[in-house]
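Engineer: Predicted model, plus sequence, below.
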Amino acid sequence: MARAKRTERAEARRHFRALQAEQAVAGDGDVSVAQKAVAQPRTSLVESLRRGLGQVRAPDVRADARAVPGMVRAKPWILAPYGLMVVGAALAAVLPKGEMSGGTIPSFYVQLAFLQPTLLFFVAGFMAPRAAYLFGALLGLLASALFLVLALGLVGVFGSLDTMNVGDRVVYSLWQLAQFIVTGAIFGWFASWYRDFLRRSQARSREAAEARKREQRRQARRPESKRAH
């Protein structure tokens, strides 16, 4: 009898220690999950910036240029920024001289979509599935061509350049060409990087949410297993 009692007490102690170990592991898991959930928002931006800069490589311009027609056929809506720019140039051609200082809605649109199209460069890069820098640079080239035509013809708001001779207007347009192409390429590339950053952040958020759900389901199953024991 004494030996049987000692065996039962030893078995009870082993069972108690096993339960304590299980609870300790569960507690550590909860703490680690909570710590990750708190630390991740503070480190995700820094880590993403570091990874993004580490992935910067010289673009393959030839391969990207050959891929442009296929991307346009697959997703024609990526040409929307180009259409918006043409509309801005058309408005600039019909607005009277000096209208840009009036603060009207058409003049505001001309500023955003034609004269200072930084936002359109960003949109073009954000929408492009590949070679975003190239779509931004091509948009800058289109802006420069339209700028040159309107400046040489002194059409619309470009009538304010009537004090310049033809040579000065050409030089001014060439300067705009370089500025538009470089700015378009930079903002197009940045837009594609920002789009990928958002996708990575959303993927991490989904993974963290799924991990929390799995932990909650595991915690919910523990009382049932305890009752079964």
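Structural biologist: Nice, I can see it.

Engineer: how's the protein carved up into domains?
Structural biologist: With domains defined by automatic domain parsing, the chain comprises 1-56, 59-204.

Engineer: So for Gln219, which of these sits nearest?
Structural biologist: Proximity to Gln219, assessed across those by CB to CB, is greatest for domain 1-56 (7.1 Å). Every residue, glycine included, has its C-beta placed from N, CA and C.

Engineer: quick one: contacts for the residue nearest the centre of the chain?
Structural biologist: If you average the C-alpha coordinates of the chain and look for the closest C-alpha using CA atoms, centre = their mean, you land on Arg195, 2.0 Å from that point. Contacts were defined as CB atoms under 8 Å, 6 or more residues apart in numbering; by that measure Arg195 touches Phe126.

Engineer: Mind telling me which of the domains of the chain the model trusts least?
Structural biologist: Looking at those, the lowest mean pLDDT belongs to domain 1-56 (a mean of 55).

Engineer: Deepest in the core, which of the domains of the chain is it.
Structural biologist: Of the domains of the chain, the one with the most neighbours on average (mean count of other CB atoms under 10 Å) is domain 59-204, at a mean of 17.

Engineer: what about that one, start to end distance?
Structural biologist: With CA to CA, to the nearest Å applied, domain 59-204 spans 27 Å between its terminal residues.

Engineer: all numbers from here: first residue = 704
Structural biologist: Renumbered: residue one is now 704, and that last one reads domain 762-907.

Engineer: residue boundaries of the helices in this protein?
Structural biologist: Secondary structure of the chain by DSSP state H: the helices cover 705-757, 764-777, 783-797, 808-813, 821-830, 835-856, 869-931.

Engineer: Next, the angle helix 783-797 makes with the last one.
Structural biologist: For helix 869-931 and helix 783-797, the angle between their directions (axes from the mean of the first three to the mean of the last three CA atoms, to 10 degrees) works out to 150 degrees.

Engineer: wait, Phe850 sits on Trp878?
Structural biologist: No. At 10.0 Å, Phe850 does not count as touching Trp878 under the criterion of CB atoms under 8 Å.

Engineer: now the domains of the chain in JSON lines, with distance to Arg924?
Structural biologist: Below are the domains of the chain laid out as JSON lines (distance: least, CB to CB, whole Å):
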{"stretch": "domain 704-759", "distance to Arg924": "11"}
{"stretch": "domain 762-907", "distance to Arg924": "26"}
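
Engineer: Between these, which one is closest to Ala923.
Structural biologist: With CB to CB as the criterion, Ala923 lies closest to domain 704-759 of those, at 11.9 Å.

Engineer: neighbouring contacts of stretch 808-819?
Structural biologist: By CB under 8 Å, 6+ apart, the residues outside stretch 808-819 that reach it are 787-788, 790-792, 794-795, 798, 802-804, 822-823, 846, 849-850, 860.

Engineer: how about 7 Å then?
Structural biologist: 787-788, 790-792, 794-795, 798, 802-803, 822-823, 846, 860 (CB atoms under 7 Å, 6 or more residues apart in numbering).
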